[in-house]
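Participant: sequence and predicted structure are below.
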Amino acid sequence: MIPLTPGLQGLFDLVNAPDKEVRRRCDDMVVTYSDVNGFIVLGWCGQLVPYECRTHAVDHKPDDFRFTPKDLALIAALRDGEVQAKDGKKFAGKLAAMFDKRTKLQACMLTAPDLPTWHLLYFTQRDQAEGGNHWVEGQHVHYRRGQRDGRLTADMVWDRVCAMPPNPPTGEHIRCVDPSEPAPC
């Protein structure tokens, strides 16, 4: 059973809030990774009535950052302690760039046939970084709401979320912290 925490209740309330309150609610809200994952699981299990839930999780690595046979041989040599300093530095740089360029994304979209709005909640591994992410306030998740017949339809947004690489729309930031747990991405 998923406990009803203040953060999880805040996510339920956000989905049902009037459009004019969304920004203020997001600014004031603090959730944990457990709240976000609980919300996604409840949606996935059909417990967020009347909403239907789509979920997507991906670990996208750009094609130009795949390991070559030479890289794999270098990894084997690392294990055996036979790496030359020059090769080791080059490989370490490639590995760091790979982690920087990859995108690990988790997303949940709620839609209801009889309601005019859709809701998207998502985060990437970069959003979970304690420092150096794009939001000065630190770790966060994104929330975006739209109108079914608006400029960005739910299907258009979902196609962007599922694209390779993922390209979800920008949204409001919700502070997300949970120092007692590892990040889920």
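Facilitator: Arrived safely. Residues are numbered from 1 along each chain as shown.

Participant: run the chain-centre distance for the helix ranked longest in the chain.
Facilitator: For the chain, the helix with the greatest residue count under DSSP state H is helix 85-101. In terms of Cα atoms, centre = their mean, to the nearest Å, the centre of helix 85-101 is set 25 Å apart from its chain centre.

Participant: excluding chain neighbours, what is closest to R102?
Facilitator: Counting by Cβ to Cβ, 6 or more residues apart in numbering, R102 lies nearest to K61, which is 4.8 Å off, once chain neighbours are set aside. (Each C-beta comes from the backbone N, C-alpha and C, glycine too.)

Participant: OK, contacts around that neighbour?
Facilitator: Applying Cβ atoms under 8 Å, 6 or more residues apart in numbering, one finds that K61 lies in contact with 98, 101-102.

Participant: dump the residues you listed to CSV, plus distance to H142, pLDDT and neighbour count.
Facilitator: Output for those, formatted as CSV (distance: Cβ to Cβ, whole Å; pLDDT from 0 to 100; neighbours: other Cβ atoms under 10 Å):
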residue, distance to H142, pLDDT, neighbour count
M98, 24, 73, 16
K101, 20, 73, 13
R102, 18, 76, 16
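
Participant: is H56 in a helix, a strand, or coil?
Facilitator: strand (DSSP: H, G, I helix; E, B strand; the rest coil).

Participant: the nearest residue to it once chain neighbours are set aside: which element?
Facilitator: Counting by Cβ to Cβ, 6+ apart, the nearest residue to H56 once its immediate chain neighbours are dropped is A107, at 4.7 Å. According to DSSP states H and E, A107 maps onto strand 103-111.

Participant: in three-state terms, label N37 for me.
Facilitator: Three-state assignment for N37 (three-state DSSP): helix.

Participant: what's the local residue count around it?
Facilitator: Using other Cβ atoms under 10 Å, N37 has 17 neighbouring residues.

Participant: in this protein, which ranges drop under the pLDDT threshold?
Facilitator: Where the chain drops to pLDDT under 70, the residues are 78-88, 178-185.
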